[in-house]
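> sequence plus predicted model, see below.
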Amino acid sequence: MATSGLTASVRTKRGDIDIDVSMSVGSGEVLAVLGTNGSGKTGLILALAGLVPLDSGQVKYGDRVLDDVATGIHVDAADRNVGYLPQHTMLFPHLSVLENVAFGPRARGVSTAQARRDATDMLSAAGLTTLIKRPAATLSGGEAQRVALLRALASTPDLLLLDEPTSALDVSARAFVRAELVSRLGSFAGATVLVTHDAIEALTLASRVLVLDAGKVAQEGLVGDVVRRPRTPFVARLAGLTVLSGTAHEHRVDLDRGGTLIVGDSAQGRVLVSVSPRGVSLHRDRPEGSARNVWCVRVTSIEAVGDVIRVSFEGQPSAAADLTASAIAELEVRPGMELWASIKAAELEVYPA
Amino acid sequence: MATSGLTASVRTKRGDIDIDVSMSVGSGEVLAVLGTNGSGKTGLILALAGLVPLDSGQVKYGDRVLDDVATGIHVDAADRNVGYLPQHTMLFPHLSVLENVAFGPRARGVSTAQARRDATDMLSAAGLTTLIKRPAATLSGGEAQRVALLRALASTPDLLLLDEPTSALDVSARAFVRAELVSRLGSFAGATVLVTHDAIEALTLASRVLVLDAGKVAQEGLVGDVVRRPRTPFVARLAGLTVLSGTAHEHRVDLDRGGTLIVGDSAQGRVLVSVSPRGVSLHRDRPEGSARNVWCVRVTSIEAVGDVIRVSFEGQPSAAADLTASAIAELEVRPGMELWASIKAAELEVYPA
Amino acid sequence: MRRIPVALLVPAVVALAFLTLPVVALFTRVAVVDLPSRLREPLVLDALRLSVVTSTISTLLCVVLGVPLAWVIARRGLRLRQLLRILVVLPLVLPPVAGGISLLVLLGRNGLVGRMLASVGVSLPFTTAGTIVAQTFVALPFLVLAAEGAFRNVDQRLEDVAASLGASQLRVFRRVTVPVAAPGIVAGVVLAWARALGEFGATITFAGSLPGRTETLPLALYRALEQSTEAAISVGLVLLAFSIAVLLLLRERWWTLS
Amino acid sequence: MRRIPVALLVPAVVALAFLTLPVVALFTRVAVVDLPSRLREPLVLDALRLSVVTSTISTLLCVVLGVPLAWVIARRGLRLRQLLRILVVLPLVLPPVAGGISLLVLLGRNGLVGRMLASVGVSLPFTTAGTIVAQTFVALPFLVLAAEGAFRNVDQRLEDVAASLGASQLRVFRRVTVPVAAPGIVAGVVLAWARALGEFGATITFAGSLPGRTETLPLALYRALEQSTEAAISVGLVLLAFSIAVLLLLRERWWTLS
Amino acid sequence: SLHQGDSGDSGASLIVMVASSASTGVTAAARAFESEHPGLSVLISAGGSGALVRQLESGTTADVLITANTATMIAAQGKQLVSTTPVTVATSRLVLAVPQGNPGRVTSLTDLSNPDLVVALCVVEAPCGAAAHAALSAQGINAAADTYESDSGHARGRLALCEADAALIWAADLGADDKVLEVRLSAGLLPSTHYPAAVVATSTNTTSANQFVLFLLGARGQEALTSHGLGPK
Ligand SMILES: Nc1ncnc2c1ncn2[C@@H]1O[C@H](COP(=O)(O)OP(=O)(O)OP(=O)(O)O)[C@@H](O)[C@H]1O
Ligand SMILES: Nc1ncnc2c1ncn2[C@@H]1O[C@H](COP(=O)(O)OP(=O)(O)OP(=O)(O)O)[C@@H](O)[C@H]1O
Ligand SMILES: [Mg+2]
Ligand SMILES: [Mg+2]
């Protein structure tokens, strides 16, 4: 547990799910929170901000107790010095863009003139000078999201809570914002919690990830570890991997849901095997060659992941393959189509379950 | 021009920008609309839906005139048979999820019982059975977006207008929705206009793209053509390419903004050169080897694109390189760092300006 | 729940005390046990019955007429909206007695429209119908202004989506606009109903005061005041008891809405 | 703009006609050119002055007391909200005359609180202050209910963000909640002001009718009615003219808001 | 003086509470009285007799009370609201009144029982209503009233607007503008009323109050009252 930064153990109800999370984020550290839709990410953020009450647990920033159900301590959101970017931006519709950004500093005692000067500078630096005087209600979706981020950053918070800060941005704005966040977070002594659906955004911005599943922590750790060795199908999918459970007999793994894979590393007993779609090839006809694993599959979905196209398929086992656009065009891949999949034994990672 | 499907020439003001777009989408075709934040994508969709008036122009679906400023024809949104997914989902907060999905069919005359049965089926097929009775106001961001998509699809529209339909979805939901859209759009006789910030989403779902820039069409065409030969920096960036203008002297191109590149194909006169980040390598020390172009650069931003990490840099020329996470870790790339970039002449695409 | 700031709590408590203490004080003057016997007095009973009937009908009239008008105002451009709103506010600032006079001038026996009505045998002054007209005239602006405010708060993008899903304007109005604005409309209905129930000036001026026909509870109360304050208070308490019953009854249904 | 559906247009037009025609009819009875001379009659002038002063002060009181109360009600849990709301509605359904009596019972010379006030030399009944108290008592519930509806419509997530940005509850209230709810509050203020300006029953009961001190325009109008209808109408028109002037003046400032 | 509206200027002003039907006359008399007493202003508070007494009970301060019948004044005396013995300062007759042109062709009290005519009476709680009720029941007439007005002035208003065809009102309320006319009946069919005046018990200016009552009884006072439709004392 970090002695500085955020330490929290949060239990709270959100609709039908119970959020029950223990976490810590060191100062200067960025923790990415990942999870399926409805897994309770927004609920967790709200609890950390002090905007929903805890059922039990404790939230501390450094040595300062922000919430402690046992002793009845509850510090109001206003007194926590957080910077919160809500998922739905929630700009103040009656204020101009400038006033939105200046709101936090004003509330924390900065003079109006100073707050407006600072906000103007921030907006200019973000290339949003033309929006300064605009009523917030007239912004486009992406513009609103950028302004909401600046608003959260403007009051130099201890704890930055970002709920999907780039979902509505175009590629260049996204790059700009990420670069901006990287440089700011680099010099930022506070703790940051970043909710995102983009595993790679987590990869570039965060050092650790926490994966939520139905309100509980499904996995937590360094980004690289979690990505390489996912513990749940969701994390695997997020990382672009398929993870399969089975029983190893040296180089052969009998999969629980049917099928057998030959793996490079020898193992014994219960294992997880992760299959990277980048290692999987698809073929119209049964391929001859060095690949040790070849099986027949049916395409279930075709989806874009970054620059490549991921073809998910069912078979024994079900997995996915990453192809280039031209390969897709050549194979004329369509959902429902039957193909052959192959993967080299060395491409499979095996680790204890 | 398609004789069936959508044919539109739209002029309308949105805030400070003038939207001025001519477009056509054949029946069964999907047109992706791309563009920076604030380029007028939402404005265009609203105009096509009949929700904002045109200043001039005409909108036709098949032979049916939906809007014609010259003759004063304006068909109300309600009578256009569109399916519209707004950027901000805009679920009816007082209705349950089921009632939201059943709203369109009910409005178009389907009996209550039938509409509810159909909606239940759609929701179940989408794996959202548990949400059926929930008030729409209690959904999480991603859940709301999925319900909004089903609502738009439920009334079997002629014209499907989707404004960023997957921005709030988690990876698996995104895959599911895209697969669902692919299969649905495959059997869908209507025309679809899909606004997205995700070039690859456009690639997998759409056959043609239209790129908006400040309300005007910056580029239009088959997805592959636009992606390979971007005409504006924005499209290039979207496609993950850098596009540079210059003057070619056979294999040498003198770039307008400084620097020289050796290209594989010989050309003469004004040209555009597109640089794919996948072809660019980065090195701590000046590399020896076969690459014809080697120059010194300074890192400006690091950003995630799909499975890889894109490092943008300035130099002569400024461009970007795609690296794996492990390469990033090995190089310890940080913004501001100085590195060497290299690219093979054969990786550069040259085409007339 | 965060604690309420003192700067808001103090005026709120003062306001609540100011509103409730006088009502409570009324109960100190009349033994509540006497109320049932009061109710049995035919004049009070007649007046109560008349008040219930007329205020219910005028509230319904207000809803039927006022909600559409409120919507029309809310969805017009700024200019027209301002004009329409001033037209609605004018009858509101007219003291009820003046409202009654204006109704007489228009609908009275010699009124501009009243003459036409009289020629077809319809006479409004000194009839129960006249009472309803007077109450509606006075209560309608309250409903219109409250509902208009509620309508203006409905995100037009919701209406846009509904239209794009094929809903006619009327359907959008019934299925989206009204339900979303419901809390504000309900508040407006309560205001209009309360206004109609307590109406005095316009009623007595336009419809006169005849027990069983036009003498509603407020008029009976004014008359009872000539006899004794206690008699008047009893009538007031009867009205209060009736209102509480109605409010508790409604609470379960749409009161919770808002 | 889409065309307005007939099912809404017809009731809206009927409502508008019903509200405006009587007011227009008033002008047929009195030559408008006579109004300036009417205004010069000292009694009318006194009453107008008194009405302006008292209705302004009571509207301000309503805002100061009522807006915080509305906010407190809007932000409570369902149970407490229902109770508080019923408490606010009760004075509303009490006919104004009964309201006046209840004020007398509480604040009159022998009233529960009035006795205490009298012992420190303060007497409210039959004074201008009493007029203001009566108007405020009657108008306050209108403001509270309208403002409460407006507050309930403010997305609480806006208030949450404001709090997360360091704004105290009071600051959130002043900088976010009130401005966002402004249209509804303004409507409530107009309702309360109109109600205060037209107040008759509670005023005459609690404050009596003394020219220059407690005889407001509605009271003067009622009295003028005994002498000549034309005189009463003139007083009404003076009030109308004043209201129109105020509304036009306000239009430029916050009326456009809503 | 918002908080203590009564006390500040009571030395220079005299508050007279008067029944509505006598208020025009008393107001005229007050103006004359003021011209005789420079620096003194007379404020007229008009209302129904019962309401005035109730206001005194509730603590309003006034100097002179004038009611529209003796019964109400006796009640006030009983409650010790007045400090001097009441004296009658004026009288008024109850009259059968009709609008200009007499559209209902009303000629006698029996017409009041015609259900086709619109008839306005005062509520029995008001002096004019009590008087009318007594007279009509004495003659066995069952009036078909369409409205009971709170006082005589408002009953007159019905006639002035021609909304009613007949009403029983005080002669003082007939007005001078010929919009409301009296139907002459044989004497004695309808009663008269007395307007008693007395000094209010809580008066802080009893000297001026007494002077005003005496002034009403005097020649100039009587002239003012009688020229506004009231009968002599
Ligand atoms: N008021 C409520 N009533 C019932 N259920 C609710 C309520 N609020 C939230 N929920 C449910 O709680 C779950 C968690 O919600 P939350 O908003 O925290 O999800 P999330 O992880 O942020 O999802 P997303 O990625 O879609 O934004 C969701 O299933 C949601 O539907
Ligand atoms: N009511 C308005 N007043 C002024 N400007 C407006 C208004 N509505 C929209 N705009 C501006 O018009 C431009 C186009 O808006 P639009 O919503 O169409 O953009 P978009 O392409 O959908 O952007 P995004 O990707 O961020 O959703 C934006 O710059 C926006 O700020
Ligand atoms: Mg969320
Ligand atoms: Mg948009």
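It's in. Ligands and ions are numbered 1, 2, ... in the order given.
> every contact and neighbour count from this point should use C-alpha atoms.
Fine.
> neighbours of residue 232, how many?
Assuming you mean chain A. 16 (other CA atoms under 10 Å in any protein chain shown).
> right idea, wrong chain: chain E
Count around residue E:232 with other CA under 10 Å applied: 16.
> and the contacts of stretch E:60-73?
Stretch E:60-73 has contacts (CA atoms under 8 Å, 6 or more residues apart in numbering or on different chains) with D:125-126, E:6, E:14-19, E:21-22, E:49-50, E:53, E:56, E:82, E:86, E:127, E:193-206, E:209, E:213.
> which members of those are positioned in helices?
E:49-50, E:53, E:56, E:127, E:206, E:209, E:213 (DSSP state H).
> closest one of those to residue A:36?
residue E:56 (76.4 Å; CA to CA).
> circling back to that earlier point, ChimeraX command to pick out the buried ones of the ones in helices among the contacts of stretch E:60-73?
A single ChimeraX command is used to select the members of these judged buried by 16 or more other CA atoms under 10 Å in any protein chain shown:
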select /E:49,50,53,56,127,206,209,213
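> now for the ones in helices among the contacts of stretch E:60-73: which two are most distant?
Longest distance between any two of those is 27.3 Å, between E:127 and E:206; criterion CA to CA.
> helix or strand with the lowest mean pLDDT in chain C?
When each helix and strand of chain C is scored by mean pLDDT, DSSP states H and E, helix C:35-40 comes last, with a mean of 72.
> pLDDT below threshold where in the chain?
Assuming you mean chain A. For chain A, applying pLDDT under 70 flags the ranges A:1-3, A:199-200, A:203-204, A:224, A:228, A:237-240, A:289-291, A:304-308, A:324-327, A:329-330.
> hmm, I had chain C in mind actually
For chain C, the stretches with pLDDT under 70 are C:1-2, C:32, C:39, C:251-258.
> list the contacts of residue E:159.
Residue E:159 sits in contact with E:97-99, E:165-167, E:179-180, where contact means CA under 8 Å, 6+ apart.
> out of those, grab the one that's most surrounded.
Busiest of those [other CA under 10 Å] is residue E:166, holding 34 neighbours.
> can you pull the phi/psi pair for residue A:212?
Note on residue A:212: its backbone torsions stand at phi -100, psi 140 [degrees, to the nearest 10].
> gap between the helix or strand where residue C:69 lies and the chain center?
Counting by DSSP states H and E, the element that carries residue C:69 is helix C:42-74. The chain centre lies 6 Å from the centre of helix C:42-74; the measure is CA atoms, centre = their mean, to the nearest Å.
> does that helix come close to chain D?
Yes. Applying CA under 8 Å from any CA of the partner chain, one finds helix C:42-74 touching chain D at C:64-70, C:72.
> give me the buried subset of these.
For the residues of helix C:42-74 next to chain D, buried by 16+ other CA under 10 Å: C:65-70, C:72.
> got TSV for those, with distance to residue A:54 too?
Shown next, in TSV, are these (distance: CA to CA, whole Å):
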residue	distance to residue A:54
C:65	48
C:66	45
C:67	43
C:68	45
C:69	46
C:70	43
C:72	46
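> if we only consider those residues, which is nearest to residue A:142?
Of all those, residue A:142 sits closest to residue C:72, with 33.3 Å by CA to CA.
> chain E contacts on the stretch 101-250 of chain C?
By CA under 8 Å from any CA, the residues of the stretch 101-250 of chain C that approach chain E are C:108-110, C:125-126, C:208-210, C:223, C:225-227.
> quick one: which two of those are the most distant?
It's C:110 and C:227 that sit farthest apart of these, by CA to CA, at 34.9 Å.
> please enumerate the strands of chain E.
With DSSP state E as the criterion, chain E has strands at E:13-19, E:41-47, E:64-66, E:87-99, E:119-122, E:147-149, E:166-170, E:180-183, E:192-199.
> need the strands for the stretch 51-200 of chain A, in chain order.
Taking DSSP state E, counting those that start in this stretch as the test, the strands found in the stretch 51-200 of chain A are A:56-61, A:64-68, A:73-74, A:82-85, A:159-163, A:191-195.
> can I get those strands in TSV including mean neighbour count and distance to residue E:225?
Formatted as TSV, the strands of the stretch 51-200 of chain A follow (neighbours: other CA atoms under 10 Å in any protein chain shown; distance: least, CA to CA, whole Å):
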stretch	mean neighbour count	distance to residue E:225
strand A:56-61	21	84
strand A:64-68	20	82
strand A:73-74	15	77
strand A:82-85	28	80
strand A:159-163	25	84
strand A:191-195	26	89
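> how much space is there between residue E:188 and ligand 1?
82 Å (CA to the nearest ligand atom, to the nearest Å).
> which one of the strands of the stretch 51-200 of chain A lies nearest to residue C:198?
Closest of those to residue C:198 is strand A:73-74, at 47.0 Å (criterion: CA to CA).
> circling back to that earlier point, and which of the residues of helix C:42-74 next to chain D is nearest to residue B:241?
Distance to residue B:241, by CA to CA, is smallest for residue C:72 among the residues of helix C:42-74 next to chain D, at 52.6 Å.
> residue of chain C closest to chain B, please.
residue C:166 (3.9 Å; CA to the nearest CA).
> what's the neighbour count on the closest residue to chain C within chain E?
Residue of chain E nearest chain C, by CA to the nearest CA: residue E:147 (4.8 Å). Residue neighbour count, defined by other CA under 10 Å, stands at 28 for residue E:147.
> tell me if I'm right that it and residue E:121 touch.
Yes. Taking CA atoms under 8 Å as the definition, residue E:147 is a contact partner of residue E:121 at 6.4 Å.
> can you narrow the contacts of stretch E:60-73 to ones near chain C?
Among these, proximity to chain C is found for residue E:50 (CA under 8 Å from any CA).
> drop anything exposed from the contacts of stretch E:60-73.
D:125-126, E:6, E:14-19, E:21-22, E:49-50, E:53, E:56, E:82, E:86, E:127, E:193-206, E:209, E:213.
> quick check: residues of chain E near ligand 1?
Contact residues (CA under 6 Å from any ligand atom) of chain E with ligand 1: there are none.
> just for chain E, where's the confidence low?
If you take pLDDT under 70 as the line, chain E has these spans: E:1-11.
> which SSE is the most centrally placed residue in chain C in?
Closest residue to the average C-alpha location of chain C: residue C:192 at 2.2 Å, with CA atoms, centre = their mean. According to DSSP H and E, residue C:192 maps onto helix C:178-198.
> wait, does that helix contact chain B?
Yes. Using CA under 8 Å from any CA, helix C:178-198 reaches chain B at C:179-180.
> tell me what that helix is packed against?
If you count contacts as 3 or more CA pairs under 8 Å, 6 or more residues apart in numbering or on different chains; DSSP states H and E, helix C:178-198 packs onto helix C:42-74, helix C:128-152, helix C:217-227, helix D:78-93, helix D:128-152.
> I figured residue A:14 hits residue A:40, correct?
Yes. Counting by CA under 8 Å, residue A:40 is a contact partner of residue A:14 at 7.3 Å.
> who does the helix holding residue C:69 touch, helix- and strand-wise?
Taking 3+ CA pairs under 8 Å, 6+ apart as the contact cut, helix C:42-74 packs with helix C:78-93, helix C:128-152, helix C:178-198, helix C:217-227, helix C:229-250, helix D:6-29.
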